[in-house]
Structure formats: structure tokens, C-alpha cells
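Peer 1: just need the structure, nothing else, for what follows:
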Amino acid sequence: MELLSNAPAHATVPDRYVFPPEKRAAMQLDHDPACKVAFPVIDLHGGRALLSDNGQRRSQVASEIIAAGKEFGFFQVVNHGVGDDAVQEFRAAAATLFALPAEEKLPYCSYDMSKRFRLATSTSYDGGETRYWRDYVKFSCYPASHDNVRSWPSKPVEFAPRLVVYCEAVQELAQTLLGLVAEGLGLDAGFFADEYSSGDTNMSINYYPPCPDPTVTMGLPAHCDRYLLTLLSQADVAGLQARYGGRWLLVCPVPGAFVVNFGHQMEIITNGLLACVEHRAVTNSSAVRMSVATHVQPTDGCLIKPAPELVDEATHPAKYREFLFSEFLEAYDAADAGREDALEPFKTHHD
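Peer 2: Coordinates of the predicted model:
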């Protein structure tokens, strides 16, 4: 497997990474003076402790999350309770993984999506055509079960212990956010706490080396997440764009923040109230960008359907039928992660 992280710095972009003009992207909207829209940044006031606050502050934060979800589907959280040491130490271990000699990474290289830990390049949805300027690892990161842990790499030696610390903290943050979402929607506080969020949590670590010509390449195609909730550490290098109002907006890095976005399952369970929004990654010529995405998801056998509390047959009928999460995963892969193609088999059509 030809990993970008194994190669010396490229002076030019190899032809296999060059997209036709109509499929290229640019980061121009970050500097567009006519664009006054910015994704919300929400203060969680310490994270988990907020859930024990029965006052106005918790209610206000829950309302801010729902408002952000309805309008953008993306927001950032600060003062979230995940220690900076846990974030930086795990990010350093992940960077060391990509920097290992090629022969030490080779045993983990695979496009087999059934493998618990796999290192690869581009994306599974490129159809063997133009490649994306990205290496990545995908694996089950939580819980630290025997089956999950034995698939993790032995090098660098600090990877596994730092991963455990990081994932425990991020998992707690995810449950805090889900509790606030439930409250903001008028649902029981523990609505998302069981099967909806107790599948193995997956992680994607995306590595984008400097690209000699970002105008002709892409880091990731436009897609929506199949999961319930994604929390992303993108550090201080920009590259994530999300669709808003027919335009692509840059999700500008905020120091210490996690980017949060809702997946397909959240949109379906909330009967379309909270949006699952398309996003993509672009490249840059000056710095390595590494993002760490933690994906919270249901169990495979979880029955997904719009929450009854959010359905009114007269004014807001159910937009989606009942289905097992495992059924959705199959449809998502068949649709190559396309938003509408993935959702179509599960929609109810009201005249």
C-alpha cells in the first residue's frame, strides 16, 4: 500500500491525486468578507458538572445546542472537561504512529472494512479513481475490551495507554452532550444513554501531509456521518468545511475546542429536527493536518425510529420508518456515503 506518510515531501502532485476542475474545492470562504456566518462556539462550563446544575445555565446550554443543531448541524464546544494533557498526549502518540517506518506500519495496512484496526490511504469510497490526499487509521476505540485492545498497535508503546485515557474523557463528554440534547428536545434525560449510544465507539485518525498544490486535490469527499454523534479534535490547522445554505464554510479552529456534528441517526431519531450536514476536508501546502474523530453509535441490533415524543401525525408525521442500525450500515456503504442515497430507503413519503 502506497501511504503518503511513507513518502518524502512531494514537489508536485502525482496525477492520481489530481481532480478534474468541477470536483475541486478551495478554502476561499474563510476569507470572503461577504460571508458573516460562523459556526457556534458553546461553553459547557466544565462539561459533566453541568448536568448536576439544575438551574438556568444548564437549560441555556441545552437550548444553544438545539439551536445550533437545527440551523447548522455543526458547532464547537469549549470548557468541556476533557483535559488538554489527555488531548495533546494522545495526538502526539497518533502522530508518531504515522511517522513509523513503512515496514512497521505494513502489518496494519488494509482496505478490509471488517478489520478492527486498519491503516490505509485515500478513502474506501473513492471507487478506485482519483485518490484523496489522506492517510488514516480506523478502529474501535471504546470500550477497552479484550477484542478491541488486542487489535491496537504495539508501537508506539504510548499509543494504547494514552488512547484509553483520551477515549474515557471523550466518551464522558459525549454522554454529557447527549444528555443536554435530550433535555433541549424535551426528552427524558437518559433517552440516548442505552442502545442508541452503547455500540462500540469508533475512531478515525486522519493524516493530511502538506500538499504542493491544494487547488487540485481533496482531503475527503463530501459526506455525512452514519453515526449518532461525532466529536472531532482538529487542533490549530484548518481544513474542515461544512455545507451551509448551499455554500461550503470553513470550520475555523478554536483553541482547545471539540467540533461536534450530528450523524444520520440523530437526524432520524429527532425526525429531522437536528440536521446531519455534509462536510469535507481540503488540503494545504504549509503544514501537516491531523484530525481525530470519535464516533458514538448505536448497537448493531438497535431499533432506530423517530422518537414518539417528536412525532405528530397531524403536524409533524414520522419522516422515517423503523429499521435496525445494521440495516442502515449496509445501505450507507452501498450508497458510498452519499447523503440522500443513504437516507432514501428509510424515508416515509407523505402526500
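Peer 1: quick one, what contacts Lys155?
Peer 2: Taking Cβ atoms under 8 Å, 6 or more residues apart in numbering, we find Lys155 in contact with Leu97, Leu100, Glu104. The way it works is simple: take the backbone N, C-alpha and C, and place the C-beta from them, glycine included.
Peer 1: kindly apply the preceding question to Arg280 instead.
Peer 2: Contacts for Arg280 (Cβ under 8 Å, 6+ apart) come out as Ala25, Met218, Gly219, Leu220, Pro221, Ala222, His223, Leu240, Gln241, Trp248.
Peer 1: and if you look at Cys141?
Peer 2: Contact analysis of Cys141 by Cβ under 8 Å, 6+ apart lists Asn148, Leu163, Cys167, Thr201, Asn202, Met203, Thr294.
Peer 1: grab the nearest non-local neighbour of it.
Peer 2: Nearest non-adjacent residue to Cys141, counting by Cβ to Cβ, 6 or more residues apart in numbering: Met203, 4.0 Å away.
Peer 1: pLDDT below threshold where in the chain?
Peer 2: Where the chain drops to pLDDT under 70, the residues are 26-36, 126-128, 337-338, 350-351.
Peer 1: residues touching the residue nearest the centre of it, list them.
Peer 2: Most central residue of the chain, judged by C-alpha distance to the mean C-alpha position with Cα atoms, centre = their mean, is Thr230 at 4.1 Å. For Thr230, the contact set (Cβ under 8 Å, 6+ apart) comprises Val260, Asn261, Phe262, Gly263, Ala293, Thr294, His295, Val296.
Peer 1: which strand residues bridge the third one?
Peer 2: On DSSP bridges, the residues paired with Phe262 through beta bridges are Leu229.
Peer 1: pretty sure it sits against Leu274.
Peer 2: Yes. Counting by Cβ atoms under 8 Å, Phe262 does reach Leu274; the two are 5.0 Å apart.
Peer 1: mutual contacts of these two, please.
Peer 2: With Cβ under 8 Å, 6+ apart, Phe262 and Leu274 have common neighbours Gly69, Gly73.
Peer 1: quick one, which of these two is more surrounded?
Peer 2: Between Phe262 and Leu274, Phe262 has the larger neighbour count (other Cβ atoms under 10 Å), namely 28 against 23.
Peer 1: for the spatially closest residue to Leu44 that is not a sequence neighbour, which residues are in contact?
Peer 2: If the residues on either side of it in the chain are set aside, Leu44 comes closest to His80, at 4.7 Å by Cβ to Cβ, 6+ apart. Each residue near His80 by Cβ under 8 Å, 6+ apart is listed here: Leu44, Gly46, Gly47, Leu173, Thr176, Ala257, Phe258.
Peer 1: the third one and Arg134, how far apart?
Peer 2: Distance of Gly47 to Arg134, given as Cβ to Cβ, to the nearest Å: 30 Å.
Peer 1: pick out whichever of those two has more residues nearby.
Peer 2: Neighbour totals were compared for Gly47 and Arg134, and Arg134 leads with 24 against 18 (other Cβ under 10 Å).
Peer 1: in the lengthiest helix in the chain, what's buried?
Peer 2: Counting by DSSP state H, the longest helix found in the chain is helix 159-185. Buried residues in helix 159-185, counted by 16 or more other Cβ atoms under 10 Å: 159, 162-164, 166-167, 169-171, 173-185.
Peer 1: show residues contacting the helix or strand that it is followed by.
Peer 2: Per DSSP states H and E, the first helix or strand lying C-terminal to helix 159-185 is strand 201-208. Applying Cβ under 8 Å, 6+ apart, the external contacts of strand 201-208 come out as 4-5, 94, 97-98, 133-143, 167, 171, 174, 219-220, 227, 239, 281, 283-284, 288-297.
Peer 1: now, which of those lie within helices?
Peer 2: Counted as lying in helices by DSSP H, out of the contacts of strand 201-208, are Ala94, Leu97, Phe98, Cys167, Gln171, Ala174.
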